[in-house]
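Asker: let me see the structure of the following:
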Amino acid sequence: MDPNHLNYHGQLEDNKNKNALKWAYLLITSFMIVELVGGIITNSLALLSDAGHMLTDSLSLGFSLFAIIIGQKEANNKKTYGYRRVEIFAALLNGITLIGIAVFIVIEAIRRISKPPEIASTGMLIVAVLGLLVNIVVAFILNNGNNSNLNVKSAFLHVLGDILGSIGAISAALLILFFGWDLADPIASMIVAVVISFSGIRVVKESFNIFMEAAPNDLPTDIIRKKLLEIEEVEEVTDLHLWLITSDYPSITCHVVVGKEVDEQIVLRKIQKLFHDEFSLHHMTIQIEKRNNLQNM
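Answerer: Prediction:
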């Protein structure tokens, strides 16, 4: 595979992700201000918690956009893989803020359950419906980005949490409007908080695994080792390492032992084709050693 083609393809994906994050950031930040004012006026925790969540979205989307821009910087003698791993740090931060805002919502909801405040349900309903529409548009924009990129994926999960928050706020507003059930506001907030926390935990776990250079879940090393050994000339596979530079940039290295009469270049081409065709691996380092060379060492 031509490395220039891969670099060009990667640049196109980065630009696509950057545009998605830019528009998502502008829309979320604008409506966050509207929802914050609406939550204060209507005294709705569901709206305030969703506004707080949208504030973290605004910050995380801004940081994600910054990470994409930094990640496009070229590799150099010190940063031989470039700066793309900044995206994973952004995803980790996004996951932690998701968990943090979920904890805050639960604490405030528990306090309000014991003493529900009076809520302007009509205003709450109007703002929540507008919030739902904005979040759906933002989710659509982010979904058109690269779903394999953890940075964009974590931002998308943030917005899905906002959609759930808006649905919870709409449900609570309707219950208060038609049945006068003020407890619906903190209860809806708690339900949304639980869903948000699960999303946050998942993003933190994926980010941590990348920082620990764990093999991707969809590329188990035992399967790859088995496929390598199925190549007729391959006798042994050692030092097989598979990890992610960033969420959509897997790398692999391996040491392969072949018979003394084998043409190493033929084996190399077979392994490269295997990695590319069956596992979509493009960044690879393969060391091939003949059996008799090992015995003479």
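Asker: can we go C-alpha only for contacts and neighbour counts from here?
Answerer: Fine.
Asker: how many residues are close by residue 86?
Answerer: A total of 20 residues lie near residue 86 under the criterion other CA atoms under 10 Å.
Asker: one more: residue 178?
Answerer: Around residue 178 there are 9 residues (other CA under 10 Å).
Asker: next, it: phi, psi?
Answerer: phi -100, psi -30 (degrees, to the nearest 10).
Asker: can you tell me the SS state at residue 103?
Answerer: When classified by DSSP: H, G, I helix; E, B strand; the rest coil, residue 103 comes out as helix.
Asker: and it, how far is that from residue 73?
Answerer: For residue 103, the distance to residue 73 (CA to CA, to the nearest Å) stands at 36 Å.
Asker: flag the shaky bits of the stretch 101-250 of the chain, pLDDT-wise.
Answerer: 145-151 (pLDDT under 70).
Asker: now do the helices in it.
Answerer: 121-143, 150-179, 184-211, 221-229 (DSSP state H, counting those that start in this stretch).
Asker: quick revisit: so which of residue 103 and residue 73 has more stuff around it?
Answerer: The neighbour comparison of residue 103 against residue 73 (other CA under 10 Å) goes to residue 103, with 17 against 12.
Asker: ok, now which ones touch the more buried one?
Answerer: Residue 103 makes contact with 193, 197 under the criterion CA atoms under 8 Å, 6 or more residues apart in numbering.
Asker: need the winner for burial among the helices of the stretch 101-250 of the chain.
Answerer: The highest mean neighbour count among these, using mean count of other CA atoms under 10 Å, belongs to helix 150-179: a mean of 24.
Asker: that helix packs against which elements?
Answerer: Packed against helix 150-179 by the contact rule (3 or more CA pairs under 8 Å, 6 or more residues apart in numbering; DSSP states H and E) you find helix 45-71, helix 86-114, helix 121-143, helix 184-211.
Asker: could you dump those to a markdown table with distance to residue 277?
Answerer: Output for the helices and strands packed on helix 150-179, formatted as a markdown table (distance: least, CA to CA, whole Å):
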| stretch | distance to residue 277 |
| --- | --- |
| helix 45-71 | 27 |
| helix 86-114 | 27 |
| helix 121-143 | 26 |
| helix 184-211 | 23 |
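Asker: reformat the helices of the stretch 101-250 of the chain as JSON lines; add distance to residue 59.
Answerer: As requested, those are arranged in JSON lines below (distance: least, CA to CA, whole Å):
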{"stretch": "helix 121-143", "distance to residue 59": "15"}
{"stretch": "helix 150-179", "distance to residue 59": "10"}
{"stretch": "helix 184-211", "distance to residue 59": "15"}
{"stretch": "helix 221-229", "distance to residue 59": "37"}
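Asker: between those helices, which one is closest to residue 270.
Answerer: helix 221-229 (9.3 Å; CA to CA).
Asker: give me the contact list for the closest one.
Answerer: Residues contacting helix 221-229 (CA under 8 Å, 6+ apart): 215, 234-237, 240-242, 271.
Asker: tell me, what's the model's pLDDT at the residue nearest to residue 70 when sequence neighbours are not counted?
Answerer: Residue nearest to residue 70 in three dimensions, not counting chain neighbours: residue 83, with 6.3 Å by CA to CA, 6 or more residues apart in numbering. Listed pLDDT for residue 83 reads 77.
Asker: what of residue 274?
Answerer: Confidence for residue 274, expressed as pLDDT, is 93.
Asker: please tell me how far it sits from residue 228.
Answerer: Relative to residue 228, residue 274 is positioned 8 Å away (CA to CA).
Asker: between the strand ranked longest in the chain and helix 184-211, how many degrees?
Answerer: Ranked by residue count and defined by DSSP state E, the top strand of the chain is strand 234-246. Relative orientation of strand 234-246 and helix 184-211, computed by axes from the mean of the first three to the mean of the last three CA atoms, to 10 degrees: 140 degrees.
Asker: run me through the strand neighbours of strand 234-246, direction for each.
Answerer: Using DSSP bridges, the strands paired with strand 234-246 are strand 249-258 (antiparallel).
Asker: ok, residues contacting the strand it pairs with?
Answerer: The contact list for strand 249-258 (CA under 8 Å, 6+ apart) reads 216, 233-245, 264, 281-291.
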